[in-house]
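> let me see the structure of the following:
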Amino acid sequence: MQKRAGFWRTRPKARIPIDAHLIADRSTIGCVARVEDTALNGRTDATATADEPGRHRALPAALCPLGAGWLRALFPLSLVQTPPLAPSVAALPGFVPGAPLSVAQVTALALQNNPDLRAARGKHGLAQAQLLQSGILPNPSLAGALLPLISGAGTVTGWNVGLTQDIKSLITYRARRQAAGYAAQQIDAEILWNEWQVAGQARQLAVELIAGEQSRPLLVEAFGLLSHRNAVLQHALAAGNVTLVTAAPTLVALESARAALQALDQRQLSLRHQLNALLGLVPDAVVPLGGRLICLPSIRPRSARI
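This next block holds a predicted model:
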């Protein structure tokens, strides 16, 4: 007769000492029983698993929650965080649904939602906290002791009092404050420089995308005209009305138009991926762009003066 995990179990010619331990990770908490049974296979200190039904020794379910509290304290679950990339433009803070975005609106969204800028602004708060910490002086410490007279020839109870203050922190106070202030100003300057770079990149990408979308219909129209002309010439060439010398230039121009159209599509896709990364969007998100580009005033040679 042997007590095992809160209940009695009788088994002849078999000793089953149970050493129960808990195994936990960040998502599951389970119980595993380590079984030492010399009557089963002659080995000791073997771990019982579910793959071996003859050796499996399950502990009662009431024992499993015993260590759940301290296991959760040792292995805390991961906190729910915001996804690093927005799935669409509508999920971006500061986006106003309506007409397609202009160059200025794209720049504003990039300044507000760029991942690198958000990380840099987090450094600003850290620098301000360090600046505040640099102005805090250590507290003085007061210590005292009372030594009662227990035995001996003395007649007065002994006592002592001590006041301790860190003088070094007082001497280096002004220097620490200045260093922390300069470090905070450096962080602010870096943030301003990064914002200027992000704004320039967003403006350039938006302008190139809008210009590409405006030039694409012209390439499609040219490709269509050349395709029609090439079809007519190929029909005439098959009928023997024209020679290969006459039809070859049109075929070369058609292939050039096709290559230009495909190169434009590839460039537009690459620019859209770069803009999505700048805005903190997933690569497949579509940013609606519109508006007319800034047109420079026409040059008037007659009004020029030397």
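> pretty sure Leu109 sits against Phe95.
Yes. Using C-beta atoms under 8 Å, Leu109 is in contact with Phe95, at 6.5 Å. For the C-beta atoms, the positions are set from N, CA and C on the backbone; glycine is no exception.
> identify the contacts common to these two.
Contact criterion C-beta atoms under 8 Å, 6 or more residues apart in numbering; residues shared by Leu109 and Phe95: Val89.
> so between these two, which is more surrounded?
Leu109 (24 against 18; other C-beta atoms under 10 Å).
> buried ones in the helix or strand harbouring that one?
Here Leu109 is covered by helix 103-113, with elements defined by DSSP states H and E. By neighbour count on 16 or more other C-beta atoms under 10 Å, the buried set for helix 103-113 is Val103, Gln105, Val106, Thr107, Ala108, Leu109, Ala110, Leu111, Asn113.
> beyond it, next helix or strand please.
Downstream of helix 103-113 (by DSSP H and E), the next one is helix 115-134.
> what packs against the lengthiest helix in the chain?
Counting residues, the longest helix found in the chain (DSSP state H) is helix 173-239. Applying 3 or more C-beta pairs under 8 Å, 6 or more residues apart in numbering; DSSP states H and E, one finds that helix 173-239 contacts helix 103-113, helix 115-134, helix 244-279.
> what's the average pLDDT for the second one?
It stands for helix 115-134. Averaged over helix 115-134, pLDDT sits at 88.
> that helix: what's the following helix or strand?
Helix 115-134 is succeeded, C-terminally, by strand 141-147 (DSSP H and E).
> so who does Arg176 touch?
Ser134.
> low pLDDT regions in the stretch 1-150 of the chain?
1-83 (pLDDT under 70).
> repeat that for 90
1-106, 108, 112-116, 118-141, 144-150 (pLDDT under 90).
> ok, so of the buried residues of helix 103-113, who is nearest Gly135?
Leu111 (31.5 Å; C-beta to C-beta).
> quick one: the closest one and Ala175, what's the gap?
36 Å (C-beta to C-beta, to the nearest Å).
> sorry, back to before: please identify the deepest-packed of the helices and strands packed on helix 173-239.
Most buried of these, by mean neighbour count (mean count of other C-beta atoms under 10 Å): helix 103-113, with a mean of 20.
> kindly calculate the angle that that one makes with helix 115-134.
50 degrees (axes from the mean of the first three to the mean of the last three C-alpha atoms, to 10 degrees).
> can you list contacts of helix 103-113?
86, 89, 92-96, 101, 117, 195, 198-199, 201-203, 205-207, 210, 275, 278-280, 287, 289, 291, 293.
> now swap in stretch 90-98 and tell me
Ala86, Val89, Gln105, Ala108, Leu109, Gln112, Asn113, Leu279, Gly280, Leu281.
> what is the nearest of those residues to Gln186?
Gln112 (23.0 Å).
> from Leu251, how far off is Leu132?
When Leu132 is compared with Leu251 (using C-beta to C-beta), they lie 74 Å apart.
> which pLDDT value belongs to Glu190?
Confidence for Glu190, expressed as pLDDT, is 91.
> do you know how far it is from Leu101?
28 Å.
> same question, Ala110
11 Å.
> also Ala91?
Taking C-beta to C-beta, one finds Ala91 at 14 Å from Leu101.
> who has more neighbours, those two?
Taking other C-beta under 10 Å, Ala91 and Leu101 do not tie; Leu101 has more neighbours (21 against 15).
> next up, the contacts around that one.
Neighbours of Leu101 in contact, by C-beta under 8 Å, 6+ apart: Val89, Leu109, Ala206, Val287, Pro288, Leu289, Gly290, Gly291.
> appreciated, that's everything.
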